[in-house]
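Visitor: Got a sequence here, can you model it:
(chains A, B, C, D, E and F)
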Protein chains: 4
Amino acid sequence: MENKEVGQEQLTEKQQRIVDAAIEIFAAKGYSGASTSEIAKKAGVAEGTIFRRYKTKKELLMSIVGPMISKVIAPIIVKDFDKVITADYKDFESFLRAIFSNRLKLVEKNQILIKIAIQEIPFHPELKEKLFEVVGKEVFKSICQRIEDFQLKGEIVKIHPKLVVQLIFSSLFGYVASNFILFPERSVHQDNELEHTIQFILKGLRQY
Amino acid sequence: MENKEVGQEQLTEKQQRIVDAAIEIFAAKGYSGASTSEIAKKAGVAEGTIFRRYKTKKELLMSIVGPMISKVIAPIIVKDFDKVITADYKDFESFLRAIFSNRLKLVEKNQILIKIAIQEIPFHPELKEKLFEVVGKEVFKSICQRIEDFQLKGEIVKIHPKLVVQLIFSSLFGYVASNFILFPERSVHQDNELEHTIQFILKGLRQY
Amino acid sequence: MENKEVGQEQLTEKQQRIVDAAIEIFAAKGYSGASTSEIAKKAGVAEGTIFRRYKTKKELLMSIVGPMISKVIAPIIVKDFDKVITADYKDFESFLRAIFSNRLKLVEKNQILIKIAIQEIPFHPELKEKLFEVVGKEVFKSICQRIEDFQLKGEIVKIHPKLVVQLIFSSLFGYVASNFILFPERSVHQDNELEHTIQFILKGLRQY
Amino acid sequence: MENKEVGQEQLTEKQQRIVDAAIEIFAAKGYSGASTSEIAKKAGVAEGTIFRRYKTKKELLMSIVGPMISKVIAPIIVKDFDKVITADYKDFESFLRAIFSNRLKLVEKNQILIKIAIQEIPFHPELKEKLFEVVGKEVFKSICQRIEDFQLKGEIVKIHPKLVVQLIFSSLFGYVASNFILFPERSVHQDNELEHTIQFILKGLRQY
DNA sequence: GATGAATGAGAATTCATTCAT
DNA sequence: AATGAATGAATTCTCATTCAT
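Guide: Sure thing, here's the model as predicted:
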């Protein structure tokens, strides 16, 4: 399972194997629980090899999670957001579906990385900050603005736009977290579950 | 901040201090990231003292998280569930409010413990199993049953009861996770946010 | 060869053995060339034992050299200096002999420590500073003052007192360095060598 | 600061840069404290490049210090020694001044190299031996012989010639060590200090 | 000749755990 | 029960050295 999405700026083959191994082990045991020797063994390299490119174990983590936040989390929300923003969605439902449909694929594709990110964010203020920056500044505003548009058109309930966003993403996050992180083996995320979740949000935000 | 709720069966004062210190440090750094010597220092006891009662570090974790799952997680859902089940809630809204109102207090009261549990569950199959047992077997059935009642009365949408439960608890979990674990410093969980969340769920589950 | 002079504030027996081993190995290989595992082996303790008391290898060095500077170097010059100052030495010769006689015993007794200090001072600014402080501030002034007395009495040449001190201690340092550090195995420091050195300084500083 | 004096037999430009970098870093951190990768970085070459010419790190040190001992230390004492020996110095003072004057320039010019040599000699028996050979055999005898001449003429005190040499060079070494190695930043080696040192030795060795 | 990725032995340090007091 | 010195295995990291390109 390669994660070519992340951090492959001129990595040698061995370094790429290190990154892949690290991803797997960080996901399985968490950052603190993973040992560099285990990573090296799984990658089939000498332990010292890890430290040629990454000065510290933490740098290895950051090289995985840091870019991921900008390259995966952000796109999950922002990607094609120009289109979403520009595109004149005929209604809120289209908007919501647009968000869910292609974004959930990104989530699925980057499951492990997201698992690592969610697991480690509580322990690494830098990551928290980065997430805030990426999500907060770049995305939040534009989404909120869009929400207001739909509110003005009377399509969704007139509560604080921030709250609308939180409700949508709480549902999304709850869905993701329970399916991917807490109980990944369950894999009950059938299509209709997703559809019902969308319906749930749609109705939950309806005005009357 | 004492957590008298958990594991105080005949603990000496020092042992109680150890538990309190462990809770704080496990929450801040995770199980693997916490060291027993740090815990001992914060508790103001000798390093060896920890191992008098708890044979291993892991046993210390389990003594905190294990009981917590039965004593806190379960009550969050089950407590007074006899009443909930017995009580003839006049409608689904009452039922939902009943769940949220007193349960969210439990969550707030046990914030740290829940943080630890959520952080560690992915790494400890035993915990996962215990959670399944407690939540799954004891609670899930009865909640589902109750949901079916409301569905028969036509109060909520007729989708698979399990999904209804997941939607409700996804919202709840999203709310809890984002407020308590990911961004505990934000503390925007104002009252009206909660109210809107309830409204959101109510409408989201309405039939038409 | 115990070095009970230094740093034995409530050391356990093992810790004392660590210090002794460290002194021997630091002296033989220098700080960077010595490994903690070698020290542990020579001390007959587990490597981890070193780090119970000394957080780092450097702290171990400092615990040896730091106190030594105040407790050995300083006394070499200052010890009984009250007497030297108070005592009305009938002439400069008595003064010089007083300095040399009992002080050189201190040097001999602390050979190894002095060797380490001299070897490491160039690489550790902290040590240099400490030496300056101890020697410079506490000692230099009072010696210089004493020198001036002898100059006024016409016993020694009237050049800058600082220079007199430097000439005396250059001779002393040259003697110590070549005998103890550079060529310790030669051990030609016979009594008459010392006597001639004193005569040499005496005549070298005579006025006419 | 190039040290063209040493080891430039057919060195490529890169190899010369390696030598220069090594000199700087060996001086600053000592042999054990210096890492080849740091040297490579400072020299602006690849890590492997060092090992093309020098099979080991130690060989690099030896290529610097070894030749230095013959090419710098020896000349300090021997250079023009034919002249010194042949030349009929009219008195001991001229002899002493001849030694000091042009030799101290050599010392100053090769400060760093001498610093390295003095720092490393205690740890490398080969260097000690080489120094003995060069200094001891080639120089010592002829100096001693010369000293005896002056003693016969009644110009200097009649103690063992070896001791005379040691007294002279102790003063010289004390001067060099304190000015260049221990406290290089002080740089108080003013001209008159030197003059006074010479006067000090002269008088110290006078007969009556 | 030069490079720099890779190595593996070993360095410093951490840490859960034991045990004599 | 409590202590805290001691342990030794494991962990992170360093570094001289090799070798294919």
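Visitor: C-alpha from now on. contacts and neighbour counts both.
Guide: Noted.
Visitor: Could you pull up the mean pLDDT of stretch A:68-86?
Guide: If you average the pLDDT over stretch A:68-86, you get 66.
Visitor: How about stretch A:22-33?
Guide: Mean predicted lDDT for stretch A:22-33 stands at 96.
Visitor: now do stretch A:133-147
Guide: 76.
Visitor: Now it: buried residues?
Guide: A:133, A:134, A:135, A:139, A:140, A:142, A:143, A:144, A:146, A:147 (16 or more other CA atoms under 10 Å in any protein chain shown).
Visitor: now do stretch A:200-208
Guide: Applying 16+ other CA under 10 Å to stretch A:200-208 flags A:200, A:201, A:202, A:203, A:204, A:205, A:206 as buried.
Visitor: wait, which of the residues you listed is closest to residue D:26?
Guide: Residue D:26 lies nearest to residue A:201 out of the buried residues of stretch A:200-208, by CA to CA, at 68.5 Å.
Visitor: Need phi/psi at the closest residue to residue A:161 other than its chain neighbours.
Guide: Closest residue to residue A:161 apart from its sequence neighbours, by CA to CA, 6 or more residues apart in numbering or on different chains: residue A:144 at 5.4 Å. Phi and psi for residue A:144, reported as degrees, to the nearest 10, are phi -60, psi -40.
Visitor: on that earlier part again, mind listing which of the buried residues of stretch A:200-208 are in helices?
Guide: Among the buried residues of stretch A:200-208, the subset assigned to helices under DSSP state H consists of A:200, A:201, A:202, A:203, A:204, A:205.
Visitor: For residue A:169, grab the count of nearby residues.
Guide: 18 (other CA atoms under 10 Å in any protein chain shown).
Visitor: That one: which element?
Guide: Using DSSP states H and E, residue A:169 maps to helix A:161-176.
Visitor: before we move on, what about residue A:28?
Guide: If you go by DSSP H and E, residue A:28 is part of helix A:13-33.
Visitor: and what of residue A:40?
Guide: Using DSSP H and E, residue A:40 sits within helix A:36-43.
Visitor: Enumerate residues external to the helix or strand hosting residue A:150 that contact any of its residues.
Guide: Residue A:150 is part of helix A:141-152 when elements are defined by DSSP H and E. Contact partners of helix A:141-152, identified using CA atoms under 8 Å, 6 or more residues apart in numbering or on different chains, comprise A:85, A:91, A:92, A:156, A:157, A:158, A:161, A:162, A:164, A:165.
Visitor: hmm, 6 Å instead?
Guide: Here helix A:141-152 makes contact (CA atoms under 6 Å, 6 or more residues apart in numbering or on different chains) with A:158, A:161.
Visitor: Helix A:161-176 and that one, what's the angle between them?
Guide: Interaxial angle, helix A:141-152 versus helix A:161-176 (axes from the mean of the first three to the mean of the last three CA atoms, to 10 degrees): 110 degrees.
Visitor: How about the helix or strand encompassing residue A:118 and DNA strand F, touching?
Guide: Taking DSSP H and E as the definition, one finds residue A:118 inside helix A:111-120. No. Helix A:111-120 is not in contact with DNA strand F by CA under 7 Å from any atom of the strand; minimum separation 14.6 Å.
Visitor: what about that helix, average pLDDT?
Guide: Average pLDDT, helix A:111-120: 90.
Visitor: Now do that helix against helix A:13-33: the angle between them, please.
Guide: With the same axes, to 10 degrees applied, the angle from helix A:111-120 to helix A:13-33 works out at 40 degrees.
Visitor: Quick check: next helix or strand after helix A:111-120?
Guide: Next helix or strand after helix A:111-120 toward the C-terminus (DSSP H and E): helix A:125-131.
Visitor: Any residue of that next one touching chain B?
Guide: No. Helix A:125-131 lies out of reach of chain B by CA under 6 Å from any CA of the partner chain, never closer than 8.0 Å.
Visitor: Give me the buried positions along that helix.
Guide: A:127, A:128, A:130, A:131.
Visitor: Name the surrounding residues that touch it.
Guide: So helix A:125-131 is contacted by residue A:121 (CA under 6 Å, 6+ apart).
Visitor: Off-centre distance for it?
Guide: Helix A:125-131 sits 14 Å away from the centroid of its parent chain (CA atoms, centre = their mean, to the nearest Å).
Visitor: Please apply the same query to stretch A:30-40.
Guide: Centroid separation between stretch A:30-40 and its chain, computed with CA atoms, centre = their mean, is 23 Å.
Visitor: what do you get for stretch A:97-110?
Guide: 10 Å.
Visitor: now swap in stretch A:18-29 and tell me
Guide: Computed by CA atoms, centre = their mean, the chain-centroid distance of stretch A:18-29 equals 17 Å.
Visitor: what separates residue A:65 from DNA strand F, distance-wise?
Guide: Relative to DNA strand F, residue A:65 is positioned 16 Å away (CA to the nearest atom of the strand, to the nearest Å).
Visitor: Can you tell me the SS state at that residue?
Guide: Here residue A:65 takes the helix state, with states given by DSSP: H, G, I helix; E, B strand; the rest coil.
Visitor: From residue B:198, how far out is the closest residue to residue A:171 other than its chain neighbours?
Guide: Nearest in space to residue A:171, with sequence neighbours left out and distances taken as CA to CA, 6+ apart, is residue B:171 at 5.2 Å. As judged by CA to CA, to the nearest Å, residue B:171 and residue B:198 stand 9 Å apart.
Visitor: These two - which one has more neighbours?
Guide: residue B:171 (26 against 20).
Visitor: so how far is residue B:89 from the more buried one?
Guide: 22 Å.
Visitor: now residue A:127
Guide: Separation of residue A:127 from residue B:89 (CA to CA): 45 Å.
Visitor: Assign the residue nearest the centre of chain A to helix, strand or coil.
Guide: Nearest to the mean C-alpha position of chain A, by CA atoms, centre = their mean, lies residue A:73 at 3.8 Å. In three-state terms, and counting by three-state DSSP, residue A:73 is helix.
Visitor: give the contact list for the nearest residue to residue A:200 once chain neighbours are set aside.
Guide: Sequence neighbours aside, residue B:204 is the residue nearest to residue A:200 in space, at 4.3 Å (criterion: CA to CA, 6+ apart). By CA under 6 Å, 6+ apart, the residues touching residue B:204 are A:200, A:201, A:203, A:204.
Visitor: can we see that at 10 Å?
Guide: Contacts for residue B:204 (CA atoms under 10 Å, 6 or more residues apart in numbering or on different chains) come out as A:196-206, B:156-157, B:164, B:167-168, B:198.
Visitor: Give me the distance between the closest residue to chain C within chain A and residue A:47.
Guide: Across chain A, the shortest distance to chain C (CA to the nearest CA) belongs to residue A:56, at 18.8 Å. As judged by CA to CA, residue A:56 and residue A:47 stand 12 Å apart.
Visitor: just residue A:25 next, same as before
Guide: Distance from residue A:25 to residue A:47, counting by CA to CA: 15 Å.
Visitor: Residue A:155 too?
Guide: Counting by CA to CA - residue A:155 and residue A:47 are separated by 58 Å.
Visitor: Comparing the two, which residue is more hemmed in?
Guide: Under the criterion of other CA under 10 Å, the comparison of residue A:155 against residue A:47 puts residue A:155 first, with 19 against 16.
Visitor: helix, strand or coil for the more buried one?
Guide: Under three-state DSSP, residue A:155 comes out as coil.
Visitor: Tell me who's in contact with it.
Guide: So residue A:155 contacts A:91, A:92, A:93, A:147, A:148, A:149, A:202, A:205, A:206, A:207, A:208 (CA under 10 Å, 6+ apart).
Visitor: residues touching the closest residue to residue A:157 other than its chain neighbours, list them.
Guide: Excluding the flanking residues, the one nearest residue A:157 by CA to CA, 6+ apart is residue A:207, at 4.1 Å. Neighbouring residues of residue A:207 by CA under 10 Å, 6+ apart: A:151, A:154, A:155, A:156, A:157, A:158, A:159, B:203.
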